[in-house]
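**Student:** I need the structure of the sequence given here:
(2 chains)
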Number of protein chains: 2
Amino acid sequence: MNSTSLTDRLLLANLPVEERANGQRLVRALSLVEEKLRGVEEELERRTRSDVPTISLIGEYLVDGGGKRIRPALLLLASRLLGYEGEIDVKYAAVLELIHTATLVHDDIIDGADTRRGRVSVNRRWGNELTVLFGDYLYMKGMKVALEEGDVRVLDLLADVTLAMTEGEILGAERRGSVDLTIGDYLEVVRRKTALLFAAACRIPAFLVPGAEARADTLWGFGLALGTAFQLQDDLLDYTASEEDLGKPVLSDLREGKLTLPLILSIPQATPAERAAIETVMREQAFVSVPVSAILEIVDRLGALEKARRMVEEYAGRARDLALTLPEGDPRDALLLAAEYAANRRK
Amino acid sequence: MNSTSLTDRLLLANLPVEERANGQRLVRALSLVEEKLRGVEEELERRTRSDVPTISLIGEYLVDGGGKRIRPALLLLASRLLGYEGEIDVKYAAVLELIHTATLVHDDIIDGADTRRGRVSVNRRWGNELTVLFGDYLYMKGMKVALEEGDVRVLDLLADVTLAMTEGEILGAERRGSVDLTIGDYLEVVRRKTALLFAAACRIPAFLVPGAEARADTLWGFGLALGTAFQLQDDLLDYTASEEDLGKPVLSDLREGKLTLPLILSIPQATPAERAAIETVMREQAFVSVPVSAILEIVDRLGALEKARRMVEEYAGRARDLALTLPEGDPRDALLLAAEYAANRRK
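**Tutor:** You can find the predicted model right below:
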């Protein structure tokens, strides 16, 4: 890891021009934890090395592929905000990334994804068999690393969150292909699939610092709201971003039979013909009889993108309001910027 | 669970006539822990119930499908042997079965299995997507239940064993389709895939009883040898048992490109033509150009089934020798019978 790729991860260049200033502020804010983020990379590299050559190979591929490391960064910022001075936060930050990567790897089997983070997905490259096992390996490695500290409270939180995430994925899989998905159902899946791990990232440092438990609920709530804004924006970008920015085709969710925010907001007001068009894409799992433009016209006509945008801002605002109750200083500013970034990122 | 199905699980009727007496003794021996085994069933039912309907449904299917519950039975017998008087053993016995079931569920994706325990496999019934998630759920639920006791030593052992099992599966997957598999490679996969969890089952009760740590190594070694004998016999049965007994087609391992003991023992002495025949089946993943009988003739000509049989007995003997160093009594007799059963079972 060098600092250029850290900047890349913050996706500065991909923020809209009017947000560049924020992006630059975010880069400066993250420099607060930059050394620790490098520690996380080392930890990830070390923990995905194995006597079994295939494990090291897939591990390298995943570590180099580099996600945005949002969860580790949040954990480290919350840790800094609470004045934690040890090194255990780096370890837990790596644990969260191991668990997050495990879910991504298994998700790609579920979605039959061809690409992930702009590269060939693990399942396409190594087959479903090895991918199942590699996801299991990452989950267990995450638990194993967390176990080294022997803090049962953290382990318990991780187990609860991981179970809830898996349940969320199962709920999502159950409902795939259905157009009768309420906004409540959708938000429940978002909470489980994304928001809980963000919340855990923000909350875990409160276990590390004596007397910090008083901040635990605020940090948890902040993480939940931030994670929700992040996922809602992700689902919105599937409708508004270009294929090049996303590293995956637009409207890929719908193509996989998944209804997300813009269409969930549209369906109650859609005409029978529009509804039928949506159902057709979900059934065909492709834009064969119905072109992409027809779907985009529906969400456009019903103002769903604006409604979705307002929801993203609402959750980002909730995160900001909670952050403002935390002690002032650079770490808090960074968390505030994270909320802005989650809501405004272009990819 | 009623006691009839418990007897069924011991597969009394499927032991060869000359082993029936042992089988009946084994049933009596297991009656030592029968009440606790019922507790394990209750625990499994309770832990696979969820607000998410699909989870409860698959959970029911798996619990009713009933494995032999060998790992729980071993844990409970070892616990009894050490004079443990609490109820935590029931919980850990359920944890082992949850972890074991998770590996089976994910294995079925890996193998593309159609049947498991004589019924339609989870992946064939619910699809790979839900099956991946359900396996994850079972793993995490196992860890979560174990966490309730807060004993980091047990958790650490479980995490180590689960990681090693996953590595073993990855090793096995790497080597699939290769005819150049040494007996050492094979035994390493057996150790990881099966023997370690048997060893954990026998060893965990030593954590529960003050002063029992002195027995820990013996119990661990017993479990390793027993698990190895069990898996070797399993691989041998793939060559010698009928389709009806196994609930799956004979030579199914080879059909999946997996070399197991009888062929590994045969290949070094096989003629080039015989070797080519084996390679053909592995490549075609079916008995198309080469009939089953041709493969059976090879192992027969080279005496591989007898050699494999001797290896099974060697490991069962090692288990027996270790058990004989444990305190006399009904629980020890039951462990000795388990070693006989592992080596002599017909399915």
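**Student:** Distance of A:Ile109 relative to chain B?
**Tutor:** With distances taken as Cβ to the nearest Cβ, to the nearest Å, A:Ile109 is found 5 Å from chain B. Where you see a C-beta, it was placed from the backbone N, CA and C, and this is true even at glycine.
**Student:** any idea how far A:Gly135 is from that residue?
**Tutor:** 8 Å (Cβ to Cβ, to the nearest Å).
**Student:** Show the contacting residues for A:Ile170.
**Tutor:** Contacts for A:Ile170 (Cβ atoms under 8 Å, 6 or more residues apart in numbering or on different chains) come out as B:52, B:54-55, B:130, B:133-134, B:137.
**Student:** can you do 7 Å?
**Tutor:** Residues near A:Ile170 by Cβ atoms under 7 Å, 6 or more residues apart in numbering or on different chains: B:52, B:54-55, B:130, B:133.
**Student:** hang on, the earlier thing: between A:Ile109 and A:Gly135, point out the one with more neighbours.
**Tutor:** Taking other Cβ atoms under 10 Å in any protein chain shown, A:Ile109 and A:Gly135 do not tie; A:Gly135 has more neighbours (27 against 23).
**Student:** roughly how far apart are the closest residue to chain B within the stretch 151-300 of chain A and B:Ile170?
**Tutor:** Here the residue of the stretch 151-300 of chain A nearest chain B is A:Ala159; by Cβ to the nearest Cβ that distance is 4.2 Å. A:Ala159 is 23 Å from B:Ile170, where distance means Cβ to Cβ.
**Student:** cool, and A:Lys144?
**Tutor:** The spacing between A:Lys144 and B:Ile170, counted by Cβ to Cβ, is 16 Å.
**Student:** One more: A:Leu251?
**Tutor:** The value you get for A:Leu251 to B:Ile170, if Cβ to Cβ is used, is 35 Å.
**Student:** sorry, back to before: can you sort out which of the contacts of A:Ile170 also neighbour chain A?
**Tutor:** Contacts with chain A within those, as defined by Cβ under 7 Å from any Cβ of the partner chain: B:52, B:54-55, B:130, B:133.
**Student:** in terms of contact, does A:Glu129 touch B:Ala173 like I think?
**Tutor:** Yes: with the criterion set as Cβ atoms under 7 Å, A:Glu129 and B:Ala173 qualify as a contacting pair; they are 5.2 Å apart.
**Student:** Spit out the residues that contact the two alike.
**Tutor:** Joint contacts of A:Glu129 and B:Ala173 (Cβ under 7 Å, 6+ apart) are B:Ile110.
**Student:** Can you give me the pLDDT of the residue lying closest to A:Ile99 once chain neighbours are set aside?
**Tutor:** Spatially, and ignoring its direct neighbours in sequence, A:Ile99 is nearest to A:Gly142 (4.4 Å; Cβ to Cβ, 6 or more residues apart in numbering or on different chains). Reading off the confidence values, A:Gly142 has pLDDT 96.
**Student:** if I pick A:Gly142, what's in contact with it?
**Tutor:** By Cβ under 7 Å, 6+ apart, the neighbours of A:Gly142 are A:95, A:98-99, A:102.
**Student:** Just those residues: which are in strands?
**Tutor:** Judged by DSSP state E, the subset of the contacts of A:Gly142 located in strands is empty.
**Student:** Contacts for the helix or strand hosting A:Glu297 next, please.
**Tutor:** Secondary structure assigned from DSSP states H and E places A:Glu297 in helix A:292-301. By Cβ under 7 Å, 6+ apart, the list of residues contacting helix A:292-301 from outside reads A:239, A:251, A:254, A:262-263, A:266, A:270, A:274, A:277-278, A:281, A:305.
**Student:** can you map out the helices along the stretch 101-250 of chain A?
**Tutor:** A:122-147, A:152-175, A:183-190, A:196-203, A:205-208, A:216-240, A:243-246 (DSSP state H, counting those that start in this stretch).
**Student:** so where's the stretch 1-150 of chain A uncertain?
**Tutor:** Within the stretch 1-150 of chain A, the stretches with pLDDT under 70 are A:1-23, A:66, A:113, A:116-117.
**Student:** Near chain B, which residues of it are found?
**Tutor:** Checking the stretch 1-150 of chain A against chain B by Cβ under 7 Å from any Cβ, the hits are A:50, A:52, A:54-55, A:106, A:109-110, A:128-130, A:132-133, A:136-137, A:139-141, A:143-144, A:147, A:150.
**Student:** Filter those down to the buried ones and hand me the PyMOL line.
**Tutor:** Here is the PyMOL command that selects the buried residues among those (16 or more other Cβ atoms under 10 Å in any protein chain shown):
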select buried, chain A and resi 50+52+54+55+106+109+110+128+129+130+132+133+136+137+139+140+141+143+144+147
